[in-house]
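Student: Kindly generate the corresponding structure for this input.
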Amino acid sequence: MASGLPIITSLKAGAAELLTDGVDGVLLKESRDAEELAEKINALVLSPEERQKIGAAARQTAENYSWKRIAEITYQSYKKIWGHKE
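Tutor: Next up, the predicted model:
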């Protein structure tokens, strides 16, 4: 995702919680369905515009989950719990 490439993953995988099918990733209904996987790959190969659009959106989604961003969210949560103010 951070590389700006479209992600193909199963609905059962953890990454599926971060993605919206057809927006910033491609979700497989069945993780072991080789035909479905081949269809999804083929669709991306045949549509460079769609591949680029999904890849760019995947990059944006990944930026929302950078280590820096997660650290800041965690820090702010601790501050709120402890009642600290700056």
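Student: which stretches of the chain form helices?
Tutor: Using DSSP state H, the helices of the chain run over 34-46, 48-63, 67-82.
Student: Now tabulate these in JSON lines and tack on mean pLDDT.
Tutor: Converted to JSON lines, the helices of the chain look like this (pLDDT from 0 to 100):
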{"stretch": "helix 34-46", "mean pLDDT": "97"}
{"stretch": "helix 48-63", "mean pLDDT": "94"}
{"stretch": "helix 67-82", "mean pLDDT": "90"}
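Student: I'd like to know which of these lies nearest to residue 20.
Tutor: helix 48-63 (8.4 Å; C-beta to C-beta). Where C-beta positions appear, they are placed from N, C-alpha and C, glycine not excepted.
Student: ok, residues contacting the closest one?
Tutor: With contact meaning C-beta atoms under 8 Å, 6 or more residues apart in numbering, helix 48-63 is reached by 1-7, 18-19, 22-26, 43-45, 69.
Student: switch to 7 Å and redo it
Tutor: Here helix 48-63 makes contact (C-beta atoms under 7 Å, 6 or more residues apart in numbering) with 1-2, 4-7, 18-19, 23-26, 44.
Student: Now the buried members of those.
Tutor: Buried subset of the contacts of helix 48-63 (neighbour count, 16 or more other C-beta atoms under 10 Å): 1, 6, 7, 18, 19, 24, 25, 26, 44.
Student: picking up where we left off before, can you tell me which of the helices of the chain is most buried?
Tutor: Across the helices of the chain, the average number of neighbours (mean count of other C-beta atoms under 10 Å) peaks for helix 48-63, which reaches a mean of 16.
Student: what's the angle between that one and helix 67-82?
Tutor: Interaxial angle, helix 48-63 versus helix 67-82 (axes from the mean of the first three to the mean of the last three C-alpha atoms, to 10 degrees): 40 degrees.
Student: still on that earlier bit, dump the buried ones among the contacts of helix 48-63 into JSON lines; add distance to residue 74 as well.
Tutor: Shown next, in JSON lines, are the buried ones among the contacts of helix 48-63 (distance: C-beta to C-beta, whole Å):
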{"residue": "1", "distance to residue 74": "21"}
{"residue": "6", "distance to residue 74": "29"}
{"residue": "7", "distance to residue 74": "24"}
{"residue": "18", "distance to residue 74": "17"}
{"residue": "19", "distance to residue 74": "22"}
{"residue": "24", "distance to residue 74": "23"}
{"residue": "25", "distance to residue 74": "25"}
{"residue": "26", "distance to residue 74": "30"}
{"residue": "44", "distance to residue 74": "34"}
